[in-house]
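1. Just need the structure, nothing else, for what follows:
(2 chains)
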2 protein chains.
Amino acid sequence: MAGTRKPTLAVVGATGAVGTVMLDILSTRPDVWGEIRLVASARSAGTVLQVRGEGVEVRALAPGVFDGVDVAMFDVPDEISADWAPVAAARGAVVVDNSGAFRMDPDVPLVVPEVNPEAVADRPKGIIANPNCTTLTMMAALGALHRRWRLTELVVASYQAASGAGKPGIDRLRAELAVVAADETLGTTSGDVRRAVADALDEGVDGRFPFGAPLALNVVPFAGSPKDDGWSSEELKVRNESRKILGSPDLKVSATCVRVPVVTTHSLAVHATFAEELTADEARAELEQAPTVVVQDDPATGVYPTPADVVGQDPTYVGRIRQALDFPRTLDLFVSGDNLRKGAALNTAEIAELVAAELTGRDQG
Amino acid sequence: MAGTRKPTLAVVGATGAVGTVMLDILSTRPDVWGEIRLVASARSAGTVLQVRGEGVEVRALAPGVFDGVDVAMFDVPDEISADWAPVAAARGAVVVDNSGAFRMDPDVPLVVPEVNPEAVADRPKGIIANPNCTTLTMMAALGALHRRWRLTELVVASYQAASGAGKPGIDRLRAELAVVAADETLGTTSGDVRRAVADALDEGVDGRFPFGAPLALNVVPFAGSPKDDGWSSEELKVRNESRKILGSPDLKVSATCVRVPVVTTHSLAVHATFAEELTADEARAELEQAPTVVVQDDPATGVYPTPADVVGQDPTYVGRIRQALDFPRTLDLFVSGDNLRKGAALNTAEIAELVAAELTGRDQG
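-> Here you go, the predicted model:
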C-alpha cells in the first residue's frame, strides 16, 4: 500500500440488511478509509447508495472489483463468501467476512476487538471472520468478565430478532403483525395465529413459514438449520465461536436459541460460571468500566435493557446481574445488543479499522 | 358431607382471566360437583355467568357464601386470599388457592397432581396451594424425569405471556400491538416503540408501563416484583416452589423470567441436570409415556412446541430435547404450557377433584 494514502475499502453485500447498516456506520465512524467501493450482486449493480454523504454506484461482484482494494468486508450468504473471499484475498485484499464460511477454520482468526484484537494479525489466508450475531451479543460483556474471573461454563437462552434473517425476516414479521393486530380474538385457541397468518399471506396452513412457525404473537424455539442430535446450527455456533473467541477450548456451553417477535436486537439470558469467586457488585463494577458495555441494572425502578430501547445503538447493554443463589462462582444476567450493529456491521467495521491501522502503521514504520 | 351427595364447589374470583377459563374447564371435566357457587367482588355481584350450560348468578364475597361449601377454589390476588381463604376454611371448606399467599407455608401443601398428589391429604390449615404458572409450565414434564433420574440442578429462562398479568395484561398487549402495527418504521431506532406506545396510550414516555416497558415488538426481562439482590418474585417462586413440589430442598435453581408479546401460554428453556445418567432418547421415551405430556420433537421437519399452537390445550408440550454436549447427566429442552389452563385453572381443578374424590370416598367408606 502506498505511503500515506488511506486504505481502499470494498463493501460486498452493500444492499442487504447488514450492508445498509454498514453504510450508516461508515458514515459516522472516524474516517480511516480512502475510496469506499460498494459491491453487490449483478441485480443491484448500478444502484446509487449514500455513504459518507456521497452517492456511490454499486458495482457487480467480479474479480476485478477487488483490484487495488486493501480491505474487503463481506456481508453475504455463506456460499458466496466461500467462493469470493479467497478471490479477494488472492488479489491482495484483507477480507473481513461476516458469513459462517470461515469462522471455525483454524487458519482464520475469529475476532471481537474488545476480546482478542491481537488475533487479527495472524491471518494466513488473508481472511478474518466476524462472529455470528448471537455470539456477538454477549461477547463484549463476557470477555470483560472472563479476563478477570475466567469463564468456565455458560448456559444461554436467546431472544432473537427477526432481522437475524435479514430484510425478508423484517418484512415477514411486519406482515404477520398486521394480520394479528386486525383480529382481537387471535392467540387464544390452538393454531388460530398459524391459520390466520397462513390464510392472509396466501400459503395455506401447510405452507412454509419462514421462521418455522408464525412469529407474531408467538416465539419459535429454533433458529438456523438442524444439526446432529437435535441441535440447531445457531446453538452450535454460540458454543464453538465462544470457545474460539475466548481462547477456551474446554469452555462448557449449552445454548437454546429462540426467535421472538422483535424487529432488531438480540437478547440473551446468561448463566455464567467462573473459575474464581466473584460477586454481582464486582461484576457490575467491572462491566461499568468496559468501554463498549452499558450497565442498566436497577429493576426496582424499571431499569434493565430491552431490545426496543437498545436497537440502533452500538454498545452491549447488560442488566439483571444477580449472583446465583445455588451455584458457586456463578452469575445470572440479561444482555441485549443490536444484531445488525455490534452483532454484524459494527464489529466487522471495527475489525476492518484494526487492519487499516495496521496497514497504515506498517507504511509509516 | 352428607351421604352420596356430590360436593358443593365455590369458585372465588369467577370473573377474572383465570376464573373465566375455570368455568370453561368445569363445563368440560368429568362432573364431580353438585352445586357450583360463583363468587367475586361486590362490583361483579349479580352478573350471570355460564357454567355447565347453565346461567349462575355471581355472589359477592362474604363469609356466608361459604356455608355448605365443601371445596372453595380461590383465583384472586394474594391479599384477598390471605384474608378470605382462612374464612372459607373455618367454615369447613377445603380451600384450593391459586395465589402466592400460602404456597411456601409449611402447613400448606403445594400440589401438582402428576407429581405429588398424596400431598393433598396433609392440609392442617384446610388450605392447599396451587403453584405459580411459570413453575407449573414445566412441572409435569420435569416431575416425570425427576421420578426416574432425580433432578439436581435447573437453569431456566422463561418466555412468559401477557395473560400472566390477567385480563388487563391481555388488553394492554392488544392495544400496544395496534400501535406498532400501524407504523412500519417502529422497532428500528432506540426508544421509538416506547415513545409511540406512550403517546398513543396517553401516558407520556415517563408514564407507567404495565409490563415495565413496552411489550409489543419487545421482550421485558422482568416479571413480578423486585426482591433482594436483584431477583424478581417470579424467579424466586420458580426456585422455591420447584423445590417444594419435587420434595428436593437442595435442588439448585437459577431462573431468569422474561415477558414476551404472546397472549397466553408460557414457555421455558430448561437446562436440567440429574443424579443419574440419561440420554435424550430415554428422556423422550419417558416423557411420551407421561399421561399429561405431549412430545413434539422433530426440528428437522419444523416440529417443536410454540405458544400460539399450544394455547387452549391442557397438556404440557415438550420439544428440542437435547443431551448437553459439555455437561454430564444434563438435558436441554423447551417446554410450553397454557398458563391459564395447566398453569392455573386446570391444575386447581385437578387438585379440587382429588379432594372431591377423597371426600366422596370417605363418605362411602
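
2. what's the nearest residue to whatever residue of the stretch 251-365 of chain A ends up closest to chain B if we skip its chain neighbours?
-> Across the stretch 251-365 of chain A, the shortest distance to chain B (CB to the nearest CB) belongs to A:Val263, at 3.2 Å. C-beta here means a position set from N, CA and C on the backbone, and glycine is covered the same way. Residue nearest to A:Val263 in three dimensions, not counting chain neighbours: B:Gly187, with 3.2 Å by CB to CB, 6 or more residues apart in numbering or on different chains.

3. Local confidence estimate at the one you found?
-> What the model reports as pLDDT for B:Gly187 is 96.

4. Quick check: the gap between it and B:Pro261.
-> 11 Å (CB to CB, to the nearest Å).

5. Ok, A:Pro124 next?
-> The spacing between A:Pro124 and B:Pro261, counted by CB to CB, is 46 Å.

6. In terms of neighbours, single out the busier of the two.
-> Between A:Pro124 and B:Pro261, B:Pro261 has the larger neighbour count (other CB atoms under 10 Å in any protein chain shown), namely 29 against 10.

7. could you list every residue that touches the nearest residue to A:Glu276 once chain neighbours are set aside?
-> Distances taken as CB to CB, 6+ apart put A:Trp149 closest to A:Glu276, at 4.4 Å, once the chain neighbours are dropped. Counting by CB atoms under 8 Å, 6 or more residues apart in numbering or on different chains, A:Trp149 makes contact with A:274-278, A:283, A:329.

8. now do A:Val303
-> A:296-297, A:319.

9. Can you show me the strands along the stretch 1-150 of chain A?
-> With DSSP state E, counting those that start in this stretch as the criterion, the stretch 1-150 of chain A has strands at A:9-12, A:36-40, A:48-51, A:54-57, A:59-60, A:71-74, A:94-97, A:127-129.

10. For the third one, which strands pair with it and how are they oriented?
-> Strands adjacent to strand A:48-51 in the sheet, as given by DSSP bridges, are strand A:54-57 (antiparallel).

11. Identify all contacting residues around the strand it pairs with.
-> Outside strand A:54-57, the residues that touch it by CB under 8 Å, 6+ apart are A:36-38, A:46-50.

12. okay, and the common contacts of B:Gly187 and B:Pro261?
-> With contacts taken as CB under 8 Å, 6+ apart, B:Gly187 and B:Pro261 have B:Leu217 as neighbours in common.

13. From what I see, A:Lys6 and A:Pro30 are in contact.
-> No - the pair A:Lys6 / A:Pro30 is not scored as a contact, 11.2 Å apart, by CB atoms under 8 Å.

14. These two - which one has more neighbours?
-> When neighbours are counted by other CB under 10 Å, A:Lys6 and A:Pro30 differ, and A:Lys6 comes out ahead with 15 against 7.

15. And that one, its phi and psi?
-> The phi and psi torsions at A:Lys6 (degrees, to the nearest 10) take the values phi -70, psi 150.

16. So for the nearest residue to A:Leu236 once chain neighbours are set aside, what's the pLDDT?
-> Computed as CB to CB, 6+ apart, the closest residue to A:Leu236 that is not its neighbour in sequence is A:Lys227, at 5.7 Å. The model reports A:Lys227 with a pLDDT of 97.

17. give me the number of residues near A:Lys227?
-> The tally of other residues near A:Lys227 (other CB under 10 Å) stands at 15.

18. That one and A:Glu234 touch, don't they?
-> No - counting by CB under 8 Å, no contact exists between A:Lys227 and A:Glu234, whose distance comes to 9.3 Å.

19. residue contacts, the residue of chain A most remote from its centre?
-> In chain A, A:Thr185 marks the outermost C-alpha relative to the chain mean, sitting 35.9 Å out by CA atoms, centre = their mean. Shown here is A:Thr185, whose contacts under the criterion CB under 8 Å, 6+ apart are A:Asp192.

20. where's it relative to A:Ala290, distance?
-> For A:Thr185 relative to A:Ala290 (CB to CB), the value is 47 Å.

21. and what of A:Lys342?
-> The separation that A:Lys342 has from A:Ala290, given CB to CB, amounts to 13 Å.

22. got any residues that touch both of those two?
-> A:Ala140.

23. what's around A:Arg174, how many residues?
-> Other residues near A:Arg174 number 18, with proximity taken as other CB under 10 Å.

24. What strand or helix carries it?
-> Secondary structure from DSSP states H and E places A:Arg174 in helix A:166-181.

25. now swap in A:His271 and tell me
-> Assigned by DSSP H and E, A:His271 belongs to strand A:266-274.

26. Tell me how many other residues surround A:Glu79.
-> When neighbours are counted by other CB under 10 Å, A:Glu79 registers 10.

27. Next one: it from chain B, what distance?
-> Shown here: A:Glu79 relative to chain B, a distance of 20 Å by CB to the nearest CB, to the nearest Å.

28. Name the nearest residue to that residue, sequence neighbours excluded.
-> Going by CB to CB, 6+ apart, A:Glu79 has A:Ala101 as its nearest residue, at 7.6 Å.

29. what's the pLDDT at the one you found?
-> pLDDT recorded at A:Ala101 is 97.

30. Might one say that it is in contact with A:Ala82?
-> Yes - under the criterion of CB under 8 Å, A:Ala101 is in contact with A:Ala82, at a separation of 4.3 Å.

31. Mind checking which of the two has more residues around it?
-> Set side by side, A:Ala101 and A:Ala82 show more neighbours around A:Ala101, with 23 against 15, by other CB under 10 Å.

32. That one and A:Leu287, how far apart?
-> Relative to A:Leu287, and taking CB to CB, A:Ala101 is found at 32 Å.

33. Flag the shaky bits of the stretch 151-300 of chain A, pLDDT-wise.
-> A:203-207 (pLDDT under 70).

34. Spit out the contact partners of A:Pro226.
-> Residues counted as contacts of A:Pro226 (CB under 8 Å, 6+ apart) are A:232-233, B:299-300.

35. cool, and A:Thr348?
-> With CB under 8 Å, 6+ apart as the criterion, the residues that contact A:Thr348 are A:18, A:22, A:73, A:75, A:96, A:98, A:130.

36. pretty sure the third one is touching A:Asn98, no?
-> Looking back up the chat, that one is A:Met73. Yes - applying CB under 8 Å, one finds A:Met73 in contact with A:Asn98, separated by 7.2 Å.
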